[in-house]
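>>> let's see this in three dimensions:
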Amino acid sequence: ADALMHLLPHALEGADHDSMSFLGIAATLGGFSVLMVGEIFGGHDHDHSEGGIAAFGIANLLVEMLHNFVDGITLGVTWASGTAGGISATIAIACHELPQ
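Predicted coordinates:
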């Protein structure tokens, strides 16, 4: 999240107001939708039953799918822009993924 907040202004340089507004609304709705997955699929109970674990698993799966999708888009765009950028992004993403 920290990297996103630092990179977002650079990504939006030269963008018009409507594009920035749409991105802000989409990011906010995306964040709320991730929070709602647990509520929809598992409810908000504190009995620590299997339902809570299943809801966490579904939320984790969705977040990991989104994370990998963004990594793929990043790699594709940077390799399309040039070899140096592609190599840099590949190394950065590999270093980011190693601890996981």
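>>> host element of the nearest residue to T90 once chain neighbours are set aside?
Spatial nearest neighbour of T90, chain neighbours left out: L75 (6.4 Å); criterion: Cβ to Cβ, 6 or more residues apart in numbering. Bear in mind the C-beta positions are built from the backbone N, C-alpha and C, glycine included. Per DSSP states H and E, L75 falls inside helix 50-81.
>>> what average pLDDT does that helix get?
Taken as a whole, helix 50-81 carries a mean pLDDT of 82.
>>> which strands or helices does that helix pack on?
Using 3 or more Cβ pairs under 8 Å, 6 or more residues apart in numbering; DSSP states H and E, the elements in contact with helix 50-81 are helix 17-42, helix 83-97.
>>> which residue is nearest the centroid of this protein?
Centroid check for the chain by Cα atoms, centre = their mean gives H67 as the closest residue, at 4.5 Å.
>>> ok, it to G14 distance?
27 Å (Cβ to Cβ, to the nearest Å).
>>> before we move on, what about N68?
Separation of N68 from G14 (Cβ to Cβ) stands at 29 Å.
>>> more neighbours: those two, which one.
Set side by side, N68 and G14 show more neighbours around N68, with 11 against 5, by other Cβ atoms under 10 Å.
>>> between the helices and strands packed on helix 50-81, which gets the lowest average pLDDT?
Mean pLDDT, when computed for each of those, is lowest for helix 17-42, at a mean of 78.
>>> measure how it sits relative to helix 50-81, angle-wise.
If you take axes from the mean of the first three to the mean of the last three Cα atoms, to 10 degrees, helix 17-42 sits at 150 degrees to helix 50-81.
>>> so how far is helix 17-42 off the chain centroid?
Relative to the mean C-alpha coordinate of its chain, helix 17-42 is positioned 11 Å out (Cα atoms, centre = their mean, to the nearest Å).
>>> which elements pack onto that helix?
Packed next to helix 17-42, using 3+ Cβ pairs under 8 Å, 6+ apart, are helix 50-81.
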